[in-house]
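> okay, sequence plus prediction incoming.
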Amino acid sequence: MSLALCPVADVVAPVECVWELLSEPTLYDEWWDAHTERIVPEGKATPGQMLYAKTSALGRTWDVTLRVEQVNPEQHRVRLCVTLPLGVTNDATITCTPLDAAACRVQFG
């Protein structure tokens, strides 16, 4: 079964600040519900890069694996393939669009 959702939020932060959170995998723990254990290779988000993390739910600790599929700095877009517990896979594209100098729109889908 497939389910598609595309949440959108306007964020009171410059697009460059939000893009830094998306383009720097060492900062992912600040916005995702997991703890990153290892990034291979280290460095800025690049296609093929793998993140290995743990998350907790239902009284258990679960493995999470994230693969960076695409990175487009000019369009502030990153595509991620996240493997979650219980066989769930999330193919997510996150895009940041500037609204003005102090705000941007973040679309996840």
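Thanks, I have it. Nothing here was measured: the structure is a model prediction, and the numbers come from that model. Numbering: from 1, shown residues only.
> list of residues touching the helix or strand that contains residue 69?
Taking DSSP states H and E as the definition, residue 69 sits inside strand 60-72. Identification of contacts with strand 60-72 by Cβ atoms under 8 Å, 6 or more residues apart in numbering yields 23, 25, 28, 34, 44-56, 77-85, 91, 93. For the C-beta atoms, the positions are set from N, CA and C on the backbone; glycine is no exception.
> which parts of the helix or strand following it are buried?
Using DSSP H and E, the helix or strand that follows strand 60-72 in sequence is strand 77-83. For strand 77-83, a neighbour-count test (16 or more other Cβ atoms under 10 Å) marks 77-80, 82 as buried.
> ok, stretch 98-109 next?
So, applying 16+ other Cβ under 10 Å, buried residues of stretch 98-109: 104, 106.
> contacts for that stretch, please.
By Cβ under 8 Å, 6+ apart, stretch 98-109 touches 4-15, 18, 76, 92-97.
> show the buried residues in these.
Using 16+ other Cβ under 10 Å, the buried ones in the contacts of stretch 98-109 are 13-15, 18, 76, 92, 94-96.
> run a quick neighbour tally on the nearest residue to residue 29 once chain neighbours are set aside.
Residue nearest to residue 29 in three dimensions, not counting chain neighbours: residue 36, with 5.4 Å by Cβ to Cβ, 6 or more residues apart in numbering. Using other Cβ atoms under 10 Å, residue 36 has 17 other residues around it.
> may I have stretch 59-70 exported as CSV, CA atoms only?
The C-alpha coordinates for stretch 59-70 follow below in CSV (Å, rounded to 0.1, in the frame of the first residue of the first chain):
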residue,chain,number,x,y,z
GLY,A,59,9.3,0.8,24.6
ARG,A,60,11.9,-0.4,22.0
THR,A,61,14.9,1.0,20.2
TRP,A,62,14.7,0.8,16.4
ASP,A,63,17.3,1.1,13.6
VAL,A,64,16.8,3.8,11.1
THR,A,65,18.8,4.1,7.8
LEU,A,66,18.8,7.2,5.6
ARG,A,67,20.4,7.4,2.2
VAL,A,68,20.9,10.7,0.5
GLU,A,69,19.6,10.4,-3.0
GLN,A,70,19.9,13.9,-4.5
